[in-house]
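Engineer: Quick one: sequence and predicted model below, then my questions.
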Amino acid sequence: MTYIRKPKFANPHIRSNDLGLTHRDYEGSLTTLCGGCGHDSISAAIIQAAVGMSLPPHRVAKLSGIGCSSKIPAYFLSRSHGFNSVHGRMPSVATGANMANKELYFLGVSGDGDSASIGLGQFCHIVRRRINMLYIVANNGTYGLTKGQLSATADPGSRTKSGEESQYDNIDMATLAIELGASFVARSFSGDKSQLVPLIQAGLSHKGFAFIDVISPCVTFNNTDFSTHGYKNTWENYQALSSIDYVPMRKEITTSYGAGEDKEITLHDGSVIHLHKTGSDYRPEDRDNALSHISDYRKKGKIATGLLYINQDQADFHELNDSVDKPLNTLASSDLCPGNEVLQSINETFR
Amino acid sequence: MKATDISNPDYFHKVVDCQWACPAHTPVPEYIRLIAAGRYTDAYMINWHSNVFPGILGRTCDRPCEPACRRGRVEEQPVAICRLKRVAADYKEDISTRLPPVPRKKNGKHVALVGGGPASLTVARDLLPLGYEVTLFEKDRKSGGAMRTQIPRFRLPEEVLEEELNYILDMGVNCRFGEEITSMRELLEENFDAVFVGTGAPLGKTLDLPGYQESRENVHTGIEWLAGVAFGHITSIGRKVIVLGGGNTAMDCCRTAKRLGGEEVTVAVRSGFDEMKASPWEIEDAQAEDIPILNFHVPKRYIHENGRLVAMEFEKVRREFDANGKRLLVPTGDAPVIIRCDDVLCAIGQENSFPWVERDLGIDFDQWDLPVLDKRTFQSSNPKVFFGGDAALGPDNIITAVAHGHEAAVSIDLFCSEADVQQRPPPETLLQSQKMGIHQWSYDNDISIELRHAVPHADKSRTLKDLNIEVELGFDQRLAYEETMRCLNCDVQTVFSDNLCIECDACVDICPTDCITFTRNAEEATLRQQLIAPATNTDQDLYVSGELKTHRVMVKSEDLCLHCGLCAERCPTSAWDMRKFLLNTAKAGSPCQKP
């Protein structure tokens, strides 16, 4: 842990966004995680994504559960709304918050313990219910906060720092999310912000449930040569199925992309992603194709990353339930209690 | 770019902006930390070894270190380095036991020093402990040179001056004061092993305008007039005084005149206010004493009545630029300005003068009548004769004279040992980790956000009445401590070991000033643009690592690094370390000297 505050002085040459804010304005308090923790890089990537999209901080709700990963909302976007919930129960709180105000950007941050073990049931249901949010799992394959036991995402054969080998099959969070109906699924690596930042931006812009599984090495308990979630293995074996550039809707598109492997996808909020595929038979809008690619890479000991699957045509929870458009706190009592006449007309429909 | 060679002492030296800018390369952050720790005597000695006159310079230095200070790039004002130096001098204890011992047994070499100013005294200080015999010739009754004659006592009290001069004179200088050397030939005939000339730039200029002949009794040369005041020959001046010129001498003249009876003292400058050569703080001090400074006033003639100066006529001008961008001063066409006066002080520059050096002694002079010297060794074309200070390269400042003195002493020592004067001994350097624990450093890395503290001044109603009352009171210990905390410890270097890096980005994410980027290598100009924060200040280097496992390189722009050590604190593998880089320039008799 670092005992000094991060100095206030900033570099005058850093770029500011359309709101006149720099990344220093999107910071949170100083991290208390171990130096070199992948989670800190995820915080930094979220900050960069928010600056790049000119997100008004007060339009963002950060939600998390318990664990090293779930501490990180304290380290970014200190001017946003936040809720640090019970272990594995962030999906319930996120669902509730999302019901109450669908105008906010919802950003859930969880870990492999919080989402793949104690909260797996909650995770499955929030995916299935298509809550409009970005859900990030900082996945390090270990229980870092309890000093390095194998987690449910540890690959078979991967060993803990003390030498214990994982005997069980791992839960692949990205595969699970695709199976359960998530409409935006990506995987990335905390060490590669050039890949992670546009994915976060696209995930926040996407309407529906967006999920990013981020390999985020635990530098203290799971960064050995025989861990599949350490820096060494990840740098050597992560391979992008696609790379994307994100263009916020306000920006004019100036780069022209050739046909063939490149594709331009306009998201619901008007922003655009340029998708560059690295394999010719890979089709990110085809669910079965995406799943088979993930599985094929896995068999070769490789980690498939990038935007794995996207489906823009799926209705989200609000559309399916025809929920009220305005945030609940803006509804007047006349909206909530429209009077006897309206009640009578509703009752009439049941007679 | 090629990987940075951090074994070249210049690389890290340049990062310590203040030390790099200091002509004598004083290790500034090192002594500032000692002041913070209350170790004033230790701080003083670091200064004394490097710049010889800490108490004097702590009041009078031109401070090239301050415009260079990194703090001035991350916020508005640099650290008050100069006045912290004074703090070390003000609060030190007796240093007599810390002075270098002077051997009783001499080495048989005898060096003559001409002129008793800072350059000569530095040579004496450096050579005496090596066993040299040193004879100092000074035309005045006392040593000190320009430090005594050109700096008024309200800026530099006599006791401070005497104390620091005596540390050197008491080391056993043969003083031949009041003895003006009028012939270099005769001096060389005295068979010294080497001669050092540190006679300064003693010739003040006067302005010969219409009416000068009739008024000359009341038209004075600034530096001569100041010298007259310093030695007590001049004790008064007319009620109305005009000072011509915009340099530091002009500021000293006007403030001195104000104390000697000048009630209406006016400074007139040809050029614009922003072009004045005087240091900003000297201008501020003059203005604080209610002395008006008129810019764009070109003196035209002295007006006299009955054989006595009564006024000066000025033409008002404005600044224009011609097609080549050359600055011109064009008359505005306004009516001439007449300012009444009893005396005029000309502080419009000074010159070297060597009428006493015969031109057939093998000492060559250039077209400006300055000696032809080797700029590194300060040796003239007569190998036995060395020059330093203003006498060498024209008018400059005290700290430059000291720097020349150190280098000349090295040369003289090499010359007298029959070694090659071109073989300069390298500086002594030290690069040492400051890590004390996982998150503990031996320096204070918490960055203070305090603004620069002003030095308190004595009350004007007192100081304007007495030439000898020092205006600046200096920092007290508490203020000094607060000011030391503003120092960014630029000498505690960020040292990167590429073989340890696992490319986790922790340093990039934590760096408050976005100095660090991991990127593909490129040419410098491209690289500067592709950093997280473009590095546009090309005076400041990029620190480039060797290639990393991902075929990228680490690039750190040194420009705005706060030396807060957070990169090293967050680094899980200690690929970053904070190491103190201490550099002391080689002095005469350096152990690194080649035999």
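Structural biologist: Done, it's in.

Engineer: got the contact list for B:Asp514?
Structural biologist: Counting by Cβ atoms under 8 Å, 6 or more residues apart in numbering or on different chains, B:Asp514 touches A:Ala10, A:Asn11, A:His13, A:Ile14, B:Leu531, B:Ile532, B:Ala533. For the C-beta atoms, the positions are set from N, CA and C on the backbone; glycine is no exception.

Engineer: Then B:Trp368?
Structural biologist: By Cβ under 8 Å, 6+ apart, the residues touching B:Trp368 are B:Asn352, B:Gly394.

Engineer: Kindly supply the PyMOL command isolating those of the contacts of B:Asp514 that are buried.
Structural biologist: To isolate the buried ones among the contacts of B:Asp514 in PyMOL, judged by 16 or more other Cβ atoms under 10 Å in any protein chain shown, type:
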select buried, (chain A and resi 10+11+13) or (chain B and resi 531+532+533)
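
Engineer: Just the contacts of B:Asp514: which are in helices?
Structural biologist: Among these, none falls in helices (DSSP state H).

Engineer: which residues of chain A score low on pLDDT?
Structural biologist: A:1, A:250-261, A:279-280 (pLDDT under 70).

Engineer: Enumerate the residues of it near chain B.
Structural biologist: Contacts of chain A with chain B, taken as Cβ under 8 Å from any Cβ of the partner chain, map to A:1-14, A:24, A:31, A:34-38, A:40-41, A:43-44, A:190-191, A:193, A:217, A:219-220, A:223, A:231-232, A:235.

Engineer: at 7 Å what do you get?
Structural biologist: With Cβ under 7 Å from any Cβ of the partner chain as the criterion, chain A comes near chain B at residues A:1-4, A:6-11, A:13-14, A:34-36, A:38, A:40-41, A:44, A:191, A:193, A:219, A:231, A:235.

Engineer: I'd like to know which of the residues you listed are buried.
Structural biologist: Among these, those scoring as buried are A:2, A:4, A:6-7, A:9-11, A:13, A:34-36, A:38, A:40-41, A:44, A:191, A:193, A:219, A:231, A:235 (criterion: 16+ other Cβ under 10 Å).

Engineer: give me phi/psi at A:Arg59?
Structural biologist: The phi/psi pair for A:Arg59 (degrees, to the nearest 10) reads phi -100, psi 10.

Engineer: hmm, I was thinking of B:Thr256
Structural biologist: Dihedral angles (degrees, to the nearest 10) for B:Thr256: phi -70, psi -40.

Engineer: do the same with B:Met147
Structural biologist: Here B:Met147 shows phi and psi, under degrees, to the nearest 10, equal to phi -60, psi -30.

Engineer: wait, isn't it in contact with B:Ile398?
Structural biologist: Yes. In this structure, B:Met147 is within contact of B:Ile398 by Cβ atoms under 7 Å, at 6.3 Å.

Engineer: what do the two both touch?
Structural biologist: Residues touching both B:Met147 and B:Ile398 (Cβ atoms under 7 Å, 6 or more residues apart in numbering or on different chains) are B:Pro118.

Engineer: between the two, which one's more packed in?
Structural biologist: Legend: neighbour count by other Cβ atoms under 10 Å in any protein chain shown for B:Met147 and B:Ile398, higher for B:Ile398 (27 against 24).

Engineer: Now do the contacts for that one.
Structural biologist: Per Cβ under 7 Å, 6+ apart, neighbours of B:Ile398: B:Phe53, B:Leu57, B:Thr60, B:Cys61, B:Pro118, B:Met147.

Engineer: ok, the fourth one to B:Cys22 distance?
Structural biologist: When Cβ to Cβ, to the nearest Å is applied, the distance between B:Cys61 and B:Cys22 equals 9 Å.

Engineer: List, one by one, the residues from chain B near chain A.
Structural biologist: Residues of chain B lying close to chain A by Cβ under 7 Å from any Cβ are B:74-75, B:439, B:445-447, B:449, B:502-506, B:509, B:512-514, B:533-534, B:536, B:549-550, B:560, B:562, B:564, B:566, B:569-572.

Engineer: If we use 6 Å, what do you get?
Structural biologist: B:74, B:439, B:446-447, B:449, B:502-506, B:509, B:512-514, B:533-534, B:560, B:562, B:564, B:569-572 (Cβ under 6 Å from any Cβ of the partner chain).

Engineer: So which of these belong to helices?
Structural biologist: Within the residues of chain B next to chain A, residues falling in helices by DSSP H are B:Val74, B:Ala506, B:Asp509, B:Glu569, B:Arg570.

Engineer: Tell me how far the top helix by length along chain B lies from the chain's centre.
Structural biologist: Ranked by number of residues, the top helix in chain B under DSSP H is helix B:398-416. Distance of helix B:398-416 from the chain centroid (Cα atoms, centre = their mean, to the nearest Å) equals 16 Å.

Engineer: The residue of chain A found nearest chain B: which element?
Structural biologist: For chain A, the residue closest to chain B is A:Gly36, as judged by Cβ to the nearest Cβ, at 2.8 Å. Assigned by DSSP states H and E, A:Gly36 belongs to no helix or strand.

Engineer: wait, doesn't it sit right on B:Cys507?
Structural biologist: No. The criterion here is Cβ atoms under 6 Å, and A:Gly36 misses it with B:Cys507 at 9.1 Å.

Engineer: Quick check: the residue of chain A closest to chain B vs A:Phe350, distance?
Structural biologist: 62 Å.

Engineer: Repeat that for B:Leu562.
Structural biologist: As judged by Cβ to Cβ, B:Leu562 and A:Phe350 stand 70 Å apart.

Engineer: neighbour-wise, which of those two wins?
Structural biologist: Using other Cβ under 10 Å, the more surrounded residue of B:Leu562 and A:Phe350 is B:Leu562, with 22 against 5.

Engineer: Isn't the more buried one up against A:Ile4?
Structural biologist: No. Assessed by Cβ under 6 Å, B:Leu562 is found out of contact with A:Ile4, at 10.8 Å.

Engineer: about what we covered before: out of the ones in helices among the residues of chain B next to chain A, which are buried?
Structural biologist: Here, 16+ other Cβ under 10 Å leaves B:Val74, B:Ala506, B:Asp509, B:Glu569, B:Arg570 buried among those.

Engineer: so the closest residue to the third one other than its chain neighbours, which of the three states?
Structural biologist: Spelled out, it's B:Asp509. Of all residues not flanking B:Asp509 in the chain, A:Ala44 sits nearest, at 3.9 Å (Cβ to Cβ, 6 or more residues apart in numbering or on different chains). The local conformation at A:Ala44, judged by DSSP: H, G, I helix; E, B strand; the rest coil, is helix.

Engineer: Roughly how far does the residue of the stretch 51-200 of chain B found nearest chain A sit from B:Met485?
Structural biologist: In the stretch 51-200 of chain B, the residue found nearest to chain A is B:Val74; the distance is 4.5 Å by Cβ to the nearest Cβ. In this view, B:Val74 and B:Met485 are 14 Å apart by Cβ to Cβ.
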